[in-house]
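Colleague: how would this look folded up:
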Amino acid sequence: MIAAIVVLTLVQQFADLAATSGGRVGICVQAVEGGAPQELNGSERFPMQSVYKLPISLAVLDAVDRGTLTLGQKVRLTAKDMADVHFHSPLHDKYPDGGIDISVRDLIRAAIVDSDGVASDALFRLAGGGTRITGYLRAAGIRDMDVVATEREMFADRTRMTQYRNSATPRAAVALLRALYEGRGVSPAARQLLLQDLTDSVPGPKRLKGLLPPGTPVAHKTGTDGTFDGVTRATNDIGIITLPDGRHLAIAVFVRDSTADESTRERTIATAARLAFDAWMKP
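Modeller: Numbering: from 1, shown residues only. Now for the predicted structure:
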């Protein structure tokens, strides 16, 4: 349990940190094992960007648990899937003409570990679209998180506004992380699979992980928009930090509509994680 005096200091530290971010910051952190969440703008909506690949993957795994999909089932990625890809996709880089068959399991790993947009859109379709994915979230008790548009739709919108439809509050992101860790709305096998993929996730080494003690386990998912006209509309990271004493912190940090450079935005996220880490580790 975190002491009340530390809570007040932590929330104020979050507010002071947000003032240097160049944008709007939302933070929520809560021990998985219990206790009140500590928040800054925790009930405010932020665009998820690739953070939404976690609920998409969860909805697909729910379909696997229900028997309507299997992890070994092959999905054909065609030339159409690879056409006009202007977002991050190692699959597109490797197979620009499509014509490959890839398993559901490998699509999930690509979406979570490599944040692959082509894989994510394939999973979006397999899950039954945004209405079905958001319905899964509601059934799992996750409010204030909506999955609406594909990666392709977000990046085709020159106004950059479509991404705001795929939104979540920091509080909802932490609720999703806690549900995953506790095995609510997800089978034990799916839970283990996703936690491993989140731990192996490659993007964002300077975000939640950036200022934590070396070797601290972090299972996380980033989300990032490009910078257009000097504004970056989403720089995010959510995850579960394992503390040295074995407890776990679920944390979500979103930076919206920032005019700061990437280093500043990422350091905002890293500093928030370190502040939370230190607060929970105080005697």
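Colleague: can you pull out the helices in the protein?
Modeller: 4-18, 53-66, 79-82, 90-94, 104-113, 117-126, 130-139, 151-156, 170-182, 188-200, 262-281 (DSSP state H).
Colleague: nearest to Y164, out of those?
Modeller: helix 151-156 (9.5 Å; C-beta to C-beta). For glycine as for every other residue, the C-beta is placed from the backbone atoms N, C-alpha and C.
Colleague: pLDDT weak spots in this structure?
Modeller: 1-8 (pLDDT under 70).
Colleague: list the contacts of the most centrally placed residue in it.
Modeller: Residue closest to the average C-alpha location in the chain (C-alpha atoms, centre = their mean): V51, at 2.6 Å. When contacts are counted by C-beta atoms under 8 Å, 6 or more residues apart in numbering, V51 is found next to 168, 173, 221-223, 236-238.
Colleague: on that earlier part again, nearest to K206, of the helices of the chain?
Modeller: Judging the helices of the chain by C-beta to C-beta, what sits closest to K206 is helix 262-281, at 4.5 Å.
Colleague: let's see the closest one as CSV, backbone CA atoms only.
Modeller: In CSV, the C-alpha atoms belonging to helix 262-281 read as follows (Å, rounded to 0.1, in the frame of the first residue of the first chain):
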residue,chain,number,x,y,z
GLU,A,262,10.3,12.8,-29.5
SER,A,263,12.9,12.8,-26.8
THR,A,264,10.8,15.1,-24.6
ARG,A,265,7.6,13.1,-25.1
GLU,A,266,9.3,9.7,-24.4
ARG,A,267,11.1,11.1,-21.4
THR,A,268,7.7,12.3,-20.0
ILE,A,269,6.5,8.7,-20.2
ALA,A,270,9.8,7.3,-18.7
THR,A,271,9.8,9.8,-15.9
ALA,A,272,6.1,9.0,-15.0
ALA,A,273,7.0,5.3,-14.7
ARG,A,274,10.0,6.0,-12.6
LEU,A,275,8.1,8.3,-10.3
ALA,A,276,5.5,5.6,-9.8
PHE,A,277,8.1,2.9,-9.3
ASP,A,278,9.9,5.0,-6.6
ALA,A,279,6.6,5.9,-4.9
TRP,A,280,5.6,2.3,-4.5
MET,A,281,9.0,1.2,-3.4
